[in-house]
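# model this:
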Amino acid sequence: MEIFGLKFPVVKPGADLVSLIVRNSSKIGGLKNRDIVVISSKVVAICENRIARLADIRPSKRAMNLARVSGQDPRFVEIVLREADKVLGVTRGAVLTIKNGLLCANAGVDSSNMPPGWVALMPENPERAARRIRMEIKKRVKADVGVVISDSNVKPLRVGTVGQSIGVAGVVPVIDCRGDPDLYGKPLKQTFRAIADQLATAAQLIMGEGAEQTPVVIIRRLNLPKRGEASPRIPIERDLYSRILKVK
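The predicted structure is shown next:
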């Protein structure tokens with residue numbers, strides 16, 4: 001497996017993301033069949049104009065109450081409440097939410113790597129965005145690639161972020177390993193491999209979280225199965241943490 005980071009200039013709202021990917025991939029010989037293109041959710045959101053200015057936001061009473069607990073700007077919390085599908089709780093520095101079937105802090109709203117006073121939201125429809133980018137790349141350069149849109153995520157009882165897939169196209173996101181033998185021939189009973197999330201985390205090693213300006217990573221020469229689960233999402237009642245998640 002090979003991993004290549006693509007350096008970008010500062011991306012402006014409304015930019016043609018596929019053109020940027022194609023142009024910058026020329027430094028690694030262009031895009032090839034079976035490449036996997038991992039893209040930061042933030043750069044997708046910026047290109048979709050999914051951004052907001054805090055000065056334009058009037059916080060609600062609920063946002064102000066939550067902001068007193070979290071220590072965040074009430075205008076920021078108001079955007080989080082508008083974006084979140086469900087609010088699970090609040091702690092210092094974050095509102096824990098569900099957004100598009102994903103457990104995440106602040107409904108994916110983020111001010112890092114944004115101009116002062118601005119925040120980026122999650123892409124409007126990450127799955128649709130991944131399909132559109134994949135189809136557009138194939139149309140422009142005749143390369144049949146996979147696309148993973150990645151976002152940072154924090155796991156319970158762990159310090160630090162890892163990558164998480166929020167949209168995928170052309171890649172099997174989950175492999176069902178149940179029934180496969182382990183080292184001693186015993187059949188696996190519950191194991192699924194989160195392939196798309198693993199790709200997102202591998203790419204994040206190159207992307208970084210700060211001023212790296214590497215929002216796209218190409219993963220090459222990786223043989224992946226062609227069959228598996230269609231989506232990594234599961235209903236909250238089936239989730240391992242469901243008994244401790246208090247949905248509001």
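# can we go C-alpha only for contacts and neighbour counts from here?
OK.
# And the helices in the protein?
Using DSSP state H, the helices of the chain run over 17-25, 41-47, 61-70, 74-83, 126-141, 195-207.
# outside of the third one, which residues touch it?
Taking CA atoms under 8 Å, 6 or more residues apart in numbering as the criterion, the residues outside helix 61-70 that touch it are 73-75, 77-78, 81, 90-95.
# got a winner among those residues for most neighbours?
residue 77 (27 neighbours; other CA atoms under 10 Å).
# List the contacts of it.
Residue 77 neighbours (CA under 8 Å, 6+ apart): 59, 63-64, 66-67, 95, 106.
# what's the answer for residue 145, then?
Counted by CA under 8 Å, 6+ apart, residue 145 has contacts 31-37, 134, 137-138, 170.
# Just the buried ones from those?
Listed as buried from the contacts of residue 145 are 31-32, 34-37, 134, 137-138, 170; burial here means 16 or more other CA atoms under 10 Å.
# Report how many residues lie close to residue 185.
Residue 185: 8 surrounding residues under other CA under 10 Å.
# ugh, wrong one, I meant residue 146
Neighbourhood size, residue 146 [other CA under 10 Å]: 24.
# Name the nearest of the contacts of residue 145 relative to residue 219.
residue 36 (5.0 Å; CA to CA).
# right, and that closest one touches residue 219 too?
Yes: counting by CA atoms under 8 Å, residue 36 does reach residue 219; the two are 5.0 Å apart.
# re earlier: any chance of the contacts of helix 61-70 in JSON lines, with pLDDT and distance to residue 161 too?
Shown next, in JSON lines, are the contacts of helix 61-70 (pLDDT from 0 to 100; distance: CA to CA, whole Å):
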{"residue": "73", "pLDDT": "97", "distance to residue 161": "22"}
{"residue": "74", "pLDDT": "98", "distance to residue 161": "24"}
{"residue": "75", "pLDDT": "98", "distance to residue 161": "25"}
{"residue": "77", "pLDDT": "98", "distance to residue 161": "21"}
{"residue": "78", "pLDDT": "98", "distance to residue 161": "24"}
{"residue": "81", "pLDDT": "98", "distance to residue 161": "22"}
{"residue": "90", "pLDDT": "94", "distance to residue 161": "19"}
{"residue": "91", "pLDDT": "91", "distance to residue 161": "17"}
{"residue": "92", "pLDDT": "93", "distance to residue 161": "17"}
{"residue": "93", "pLDDT": "92", "distance to residue 161": "15"}
{"residue": "94", "pLDDT": "94", "distance to residue 161": "14"}
{"residue": "95", "pLDDT": "95", "distance to residue 161": "16"}
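# Understood, closing this out.
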